[in-house]
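> Coordinates for the following, if possible.
(one chain, ligands or ions: 1)
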Amino acid sequence: MKIIQKFSSHFDERKSPIDMIVFHATATKTLEETLSIFIEKEEGGRVSSHYVIDRDGTIYQIIPEEKRAWHAGISRWKDIKEDINSHSIGIEFQCPPTGERTFTEFSKEQIESGLLLCEDIMKRYKIKPENVVAHSDIAPDRKFDPGSTFPWEVFVQKGLAANPDRRPILNENRDFLLTKEENKC
Ligand SMILES: [Zn+2]
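Down below sits the predicted model:
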């Protein structure tokens, strides 16, 4: 598993141990655009993720795992009511949008890399399959990624995720529920 490091300053300190993985779709057209947002952007709404997996399967590491990246936003999962950024490792799959809430198919290469990376992280931190989640699982009223084209069944077959039948909950009022500041990743 080859990982290219391109570190960003968009992080701070974790306040809890790592016990989750959150999958995202970048919703950007190119890797360059994604890296520019995660690394270079300095004004307003700074975001980041530990890893980005490009369409060709190359894995880029943006934030050291021991640091808290900024990808989950306001979110919750089971007993974890807040600060999922402190609990999780964020993995972004480079994937252009096809609509406001939909994404193109994920490539075979990037899913293969995603499986390897996910398995490796789960082993190292003893993360349970039910704690490998979609961004839309933890923020269902405002996030849709990685969306309906993400092949959860492949991860479930390998014991790397649970509950393959995910459907983002569509809430038409979602844009009015949170302020712009709260809605950033
Ligand atoms: Zn996301």
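
> From now on I want contacts and neighbour counts done on CA atoms only, so please keep to that.
OK.

> can you pull up the bridge partners for residue 134?
residue 23 (DSSP bridges).

> By proximity to the ion, which residue of this protein wins?
residue 24 (4.2 Å; C-alpha to the ion).

> Show the contacting residues for that residue.
Contact analysis of residue 24 by C-alpha atoms under 8 Å, 6 or more residues apart in numbering lists 90, 91, 92, 93, 134, 135, 145, 146.

> any idea how far the fifth one lies from residue 43?
What that stands for is residue 134. 27 Å (C-alpha to C-alpha, to the nearest Å).

> Show me the helices in the chain, by range?
Per DSSP state H, the chain carries helices over the ranges 31-35, 84-87, 108-125, 135-138, 152-157, 174-177, 180-183.

> Quick check: buried residues in the first one?
Of the residues in helix 31-35, those scored as buried under the neighbour-count criterion (16 or more other C-alpha atoms under 10 Å) are 31, 34, 35.

> Just to check, the second one is in contact with residue 26?
Yes: contact status for residue 34 versus residue 26: in contact at 6.9 Å, counting by C-alpha atoms under 8 Å.

> shared neighbours, these two?
With C-alpha under 8 Å, 6+ apart as the test, residue 34 and residue 26 both reach residue 94.

> Using CSV, lay out the helices of the chain together with distance to the ion.
Below are the helices of the chain laid out as CSV (distance: least, C-alpha to the ion, whole Å):
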stretch, distance to the ion
helix 31-35, 12
helix 84-87, 12
helix 108-125, 15
helix 135-138, 5
helix 152-157, 16
helix 174-177, 15
helix 180-183, 11
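
> mean pLDDT lowest for which of the ones you listed?
Mean pLDDT is lowest for helix 174-177 among those, at a mean of 40.

> Get me the contact residues on the protein for the ion.
Residues of the chain lying close to the ion by C-alpha under 5 Å from the ion are 24, 135.

> Show me where the chain dips below the pLDDT cut-off.
164-185 (pLDDT under 70).
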